[in-house]
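Asks: Return a 3D structure for these sequence lines:
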Amino acid sequence: MPAISQLYFKTAIALLLVGIAMGLHMSISGNHNVVGAHAHINLLGWATSALFGAYLALNRAKATGRLPFIQYGIHVVGVLLMTGALYVYLQGNAAMEPLIAIGSILFALGAVIFAWIIFKPE
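Replies: Next comes the predicted model:
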């Protein structure tokens with residue numbers, strides 16, 4: 001399996017564990033105010049990262065070079081910034097809104113780069 005796929009799968013499982021911990025905390029406390037951050041870390045962190053890793057594992061030619069690693073870095077920073085800031089925002093700190101926007105833009109940029117990886121000629 002390509003190194004980038006391994007990296008994506010390790011990241012995906014780490015983010016899944018964070019999402020599970022968030023969900024357990026909400027369930028135990030009865031306070032569900034961060035459900036949006038919980039959903040985002042699971043979908044963008046766990047599911048999307050695992051899908052990116054799976055695609056690159058199945059298409060080894062697309063997993064070579066620097067671009068997949070650059071895309072990975074942008075994706076992960078975007079997910080962590082967006083979901084971390086969203087978590088704090090949903091706890092009542094409106095000052096996090098610009099960080100959510102920056103994280104969202106980084107996540108979108110990572111998705112565009114991944115699209116380029118998929119569609120670029122081999």
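
Asks: ok, now how distant is Gly65 from Tyr87?
Replies: In this structure, Gly65 and Tyr87 are separated by 34 Å, where distance is defined by Cβ to Cβ, to the nearest Å. Yep, even glycine has a C-beta here, placed from its N, CA and C like the rest.

Asks: Among those two, which residue is more densely surrounded?
Replies: Between Gly65 and Tyr87, Tyr87 has the larger neighbour count (other Cβ atoms under 10 Å), namely 21 against 11.

Asks: Just give the nearest non-adjacent residue to the more buried one, would you?
Replies: In this structure, Tyr87 finds its nearest non-sequential neighbour in Ala37, 3.9 Å apart by Cβ to Cβ, 6 or more residues apart in numbering.

Asks: Just list the residues touching that neighbour, thanks.
Replies: Taking Cβ atoms under 8 Å, 6 or more residues apart in numbering, we find Ala37 in contact with 22, 83-84, 86-87, 90.
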